[in-house]
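> sequence unavailable; structure follows:
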């Protein structure tokens, strides 16, 4: 079954919020104006969810590079081009290579992932497919990661699954300078 996505925004970004976001992001290496200005339609939800997503994104218990791989894989699985584009930039800023960005879009067997990376990407696939990490994947995760680390990776995948659904459903469009899918 082919997945279809809106070709234009279903909810237009609020212009006042977009102007504030553009100003705030002038000195940052990324541009996430459209998502912020779309979420601005519900300020309380935006504040609450942004707090959670920020906590997941900036957590210090796990390597950022590997959290970005998890987020990229979930973005790819959900076919959320906005998510994938934003986290291509974040990931590459935290050590994800261009080859790895491309490889997260293919079966795991097609790239020489480390055992740690493969376990995390399989966890992400399990969550996307069944909303539950399989026993074999869980067992592999416990070889490489502590319980708090596993929880952090789980919440990263699940948080960005929700974000991907929001972005896809609202038709949030790529911001200027944000890449889409890899070639």
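Done, it's in. Since this is a predicted model, take the numbers as computed values, not measurements.
> pretty sure residue 94 is touching residue 68, no?
Yes - using Cβ atoms under 8 Å, residue 94 makes contact with residue 68 at a distance of 5.5 Å. Just so you know, the C-beta spots here come from the backbone N, C-alpha and C atoms, and that holds for glycine as well.
> please say which of these two ends up with more neighbours.
Between residue 94 and residue 68, counted using other Cβ atoms under 10 Å, the more crowded position is residue 68 (26 against 15).
> hey, where'd the helices end up in this protein?
Applying DSSP state H to the chain gives helices spanning 15-24, 33-39, 43-58, 64-77, 81-93, 98-103, 115-130, 135-144, 147-170.
> most tightly packed of the ones you listed?
Per-stretch averages of neighbours, counted by mean count of other Cβ atoms under 10 Å, single out helix 64-77 among those, with a mean of 25.
> now do it: which elements does it pack against?
If contacts are counted by 3 or more Cβ pairs under 8 Å, 6 or more residues apart in numbering; DSSP states H and E, helix 64-77 sits against helix 81-93, helix 115-130, helix 147-170.
> residues in contact with stretch 74-90?
Stretch 74-90 is contacted from outside by 3, 5, 29-30, 32, 34-35, 57, 68, 71-72, 96, 101, 104-105, 124-125, 127-128, 157, 160-161, 163-165, 167-168, 172-174, 178-182, using Cβ atoms under 8 Å, 6 or more residues apart in numbering.
> repeat for stretch 106-123
Contact partners of stretch 106-123, identified using Cβ under 8 Å, 6+ apart, comprise 66, 69-70, 73, 99-100, 103-104, 125, 133, 137-138, 140-141, 143-145, 153-154, 157.
> state the pLDDT value of the residue nearest in space to the middle of the chain.
Nearest to the geometric centre of the chain sits residue 71, at 3.4 Å (Cα atoms, centre = their mean). At residue 71, the predicted lDDT confidence score is 97.
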